[in-house]
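[1] A predicted structure for the sequence below; I have some questions about it.
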Amino acid sequence: MKNIDNYDFIGKKVLVRVDFNVPLDENYHITDDTRIRAALPTIKKILEGGGSPILMSHLGRPKDAYEKKFSLKHVVPHLSALLGREVKFAADCIGPETEKMAGDLKSGEVMLLENLRFHAEEKKGDEDFAAQLAKLADVYVNDAFGTAHRAHASTTIVAKFFPEDKMFGYLIENELKNMDKVLHNPEHPFTAIMGGAKVSDKILIIENLLERVDNLVIGGGMVYTFVKARGGKIGNSLVEEDKLDLALRLLNIAKEKNVKVYLPVDNVIADDFSNDANTKVTPVDEIPDGWMGLDAGPDTIKTVREVIMNSKTILWNGPMGVFEMEKFAEGTKQVALAIADATAAGAFSLVGGGDSVAAVNKYNLKDKMGYVSTGGGAMMEYMEGKELPGIKAIRES
Ligand code: AMP
């Protein structure tokens, strides 16, 4: 199969779907360029190989037409600085002028197209729109992992116009390699740590993981649906009343599959959802009315740390408590530190999902994790065992 390492880019126009959906301040300055930097290895490889990258992306959520605050033009100066060369900008992602610019592009020159989502056809996955994008180039490279679970024109449909000349960029290749290692080739013991607000968001991923893991650690707000289902007293904690049966069913499946489930034994409770609340530590199933569980307690943290330190593969998704508030951040912080220590001792760890990635960054532990995924929704769907349209479009012949 052709890939970015073995493809001959000399003289080729290369349509690259990147994720330049970066945050901008009110003066249109980029406040976090992580996503742009993540695409640089792919762009540089094409340039060094003698090709001409034609970059396309979305930015924000425009209402199907031009809006200045969502223009990708704001990205041009910084991208030029990072690449050390001029980046040409096409004011529309399709149309005769853009085709002319693309046609005139020389080997080693880079061009960026205006926001794809200024056209409603992008999100609709419109075939004619995809055909117009395809006209611009000889090769298609998808390196936008964050949108790989969407069947949009630029992420999926466009691939059919390049049956022999389509491939992943380095970012997607890397994401797939790391996720596949955890899903299909994990060293045991394999521990999954699932946190976050709601069990309903994590059902499919938990079901898929129960086929693969040795230990499942449950944390965060979803804990209380499990605790209530087992007959515990949860006070005013977050609960999904309609998921009590499901919680019991998941625990039963775990038992059948010999997966050891770690629910918290103790927790930090508060009399208000606020950093100024009164707090105390109680058993997780003895929460008085008027109080709510907002973080893991010390005994739980100790046990979870031991489980993590005894693991060879660790997957973490979702915080252990309301870590945005300092008073309820300890559980999440200690899990992040334990994963860092286990990783230093030789385990492989994969962290994914917006909030756990935010926690890892908050505690400056990104470099101490095995791999931190860049795609929230896409990562979740892949771990649920789904085939992502953007991945399938490249893999199928
Ligand atoms: P998710 O997006 O599903 O991963 O959930 C993340 C959110 O869950 C974060 O904003 C946390 O503040 C929240 N969360 C974690 N633990 C609790 C809890 N015990 N009660 C309410 N919300 C929680």
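    Noted; the coordinates are in hand. Numbering: from 1, shown residues only.

[2] drop to CA atoms for contacts and neighbour counts, all remaining ones
    OK.

[3] I'd like to know how far residue 168 sits from the ligand.
    Separation of residue 168 from the ligand (CA to the nearest ligand atom, to the nearest Å) stands at 28 Å.

[4] Pretty sure that residue sits against residue 139.
    No: look at residue 168 against residue 139 with CA atoms under 8 Å: they stay out of range, at 11.1 Å.

[5] Show me what the lowest-mean-pLDDT helix or strand in the chain is packed up against.
    Lowest by mean pLDDT, DSSP states H and E among the helices and strands of the chain is helix 354-362, with a mean of 88. For helix 354-362, the packing partners by 3 or more CA pairs under 8 Å, 6 or more residues apart in numbering; DSSP states H and E come out as strand 313-317, helix 330-344.

[6] what's the domain layout of the chain?
    The record assigns the chain these domain ranges, following automatic domain parsing: 13-171, 186-382.

[7] okay, those in JSON lines with mean neighbour count next?
    Formatted as JSON lines, these follow (neighbours: other CA atoms under 10 Å):
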{"stretch": "domain 13-171", "mean neighbour count": "20"}
{"stretch": "domain 186-382", "mean neighbour count": "20"}
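
[8] And the helices and strands packed on helix 354-362: which comes nearest residue 89?
    strand 313-317 (37.8 Å; CA to CA).

[9] Residue 394 is nearest to which of the domains of the chain?
    Distance to residue 394, taken as CA to CA, is lowest for domain 13-171 among these, at 5.9 Å.

[10] Kindly check the end-to-end length of that closest one for me.
    Start to finish, the residues bounding domain 13-171 are 20 Å apart (CA to CA, to the nearest Å).

[11] mean confidence for it?
    For domain 13-171, mean pLDDT is 97.

[12] ok, back up a step: relative orientation of the least confident helix or strand of the chain and helix 330-344 in degrees?
    Counting by axes from the mean of the first three to the mean of the last three CA atoms, to 10 degrees, helix 354-362 points 70 degrees away from the direction of helix 330-344.

[13] Now do helix 354-362 against strand 313-317, angle only.
    Going by the same axes, to 10 degrees, helix 354-362 makes 110 degrees with strand 313-317.

[14] what residues does helix 354-362 touch?
    196, 316-319, 323, 332-333, 336, 351, 366, 372-373, 376 (CA atoms under 8 Å, 6 or more residues apart in numbering).

[15] Recalculate using a threshold of 6 Å.
    The contact list for helix 354-362 (CA atoms under 6 Å, 6 or more residues apart in numbering) reads 317-319, 366, 376.

[16] And the helices in this structure, which stretches?
    Along the chain, counting by DSSP state H, helices occupy 34-48, 76-83, 96-104, 120-124, 127-134, 170-184, 203-210, 223-229, 244-256, 298-309, 330-344, 354-362, 376-383, 389-395.

[17] Relative to the ligand, which of those helices is closest?
    Closest approach to the ligand among the helices of the chain (CA to the nearest ligand atom): helix 354-362, 5.5 Å.

[18] Give me the distance from the closest one to the chain's centre.
    The chain centroid and the centroid of helix 354-362 are separated by 11 Å, computed with CA atoms, centre = their mean, to the nearest Å.

[19] Just want the angle from that helix to helix 376-383.
    Orientation of helix 354-362 against helix 376-383 (the same axes, to 10 degrees) gives an angle of 110 degrees.

[20] What residues does the stretch 151-300 of the chain have near the ligand?
    Residues of the stretch 151-300 of the chain lying near the ligand by CA under 6 Å from any ligand atom: 196-198, 220-221, 238, 293-295.

[21] List the ones among these that fall in strands.
    Using DSSP state E, 293-295 are the members of these that sit in strands.

[22] ok, residue 325 - contacts?
    residue 275.

[23] Which residues are in contact with the closest residue to residue 264 other than its chain neighbours?
    Spatial nearest neighbour of residue 264, excluding adjacent residues (CA to CA, 6 or more residues apart in numbering): residue 300 at 5.2 Å. Shown in contact with residue 300 (CA under 6 Å, 6+ apart): 264-266.

[24] What of residue 139?
    Residue 139 makes contact with 14, 165-166, according to CA under 6 Å, 6+ apart.

[25] Please repeat the previous calculation with a cut-off of 7 Å.
    Contacts here follow CA atoms under 7 Å, 6 or more residues apart in numbering; on that basis residue 139 touches 13-15, 162, 165-166.

[26] Can I get the helices and strands packed on helix 354-362 in JSON lines including mean pLDDT?
    Below are the helices and strands packed on helix 354-362 laid out as JSON lines (pLDDT from 0 to 100):
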{"stretch": "strand 313-317", "mean pLDDT": "97"}
{"stretch": "helix 330-344", "mean pLDDT": "98"}
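
[27] Now stretch 314-324 - C-alpha only, CSV.
    Written as CSV, here are the backbone C-alpha positions of stretch 314-324 (Å, rounded to 0.1, in the frame of the first residue of the first chain):
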residue,chain,number,x,y,z
ILE,A,314,-3.1,1.8,30.6
LEU,A,315,-5.9,3.6,28.8
TRP,A,316,-7.3,6.7,30.5
ASN,A,317,-10.4,8.6,29.4
GLY,A,318,-12.2,11.1,31.6
PRO,A,319,-11.4,12.8,34.9
MET,A,320,-11.9,11.2,38.3
GLY,A,321,-13.7,14.3,39.8
VAL,A,322,-14.6,17.9,39.1
PHE,A,323,-10.9,18.7,38.5
GLU,A,324,-11.7,22.2,37.2
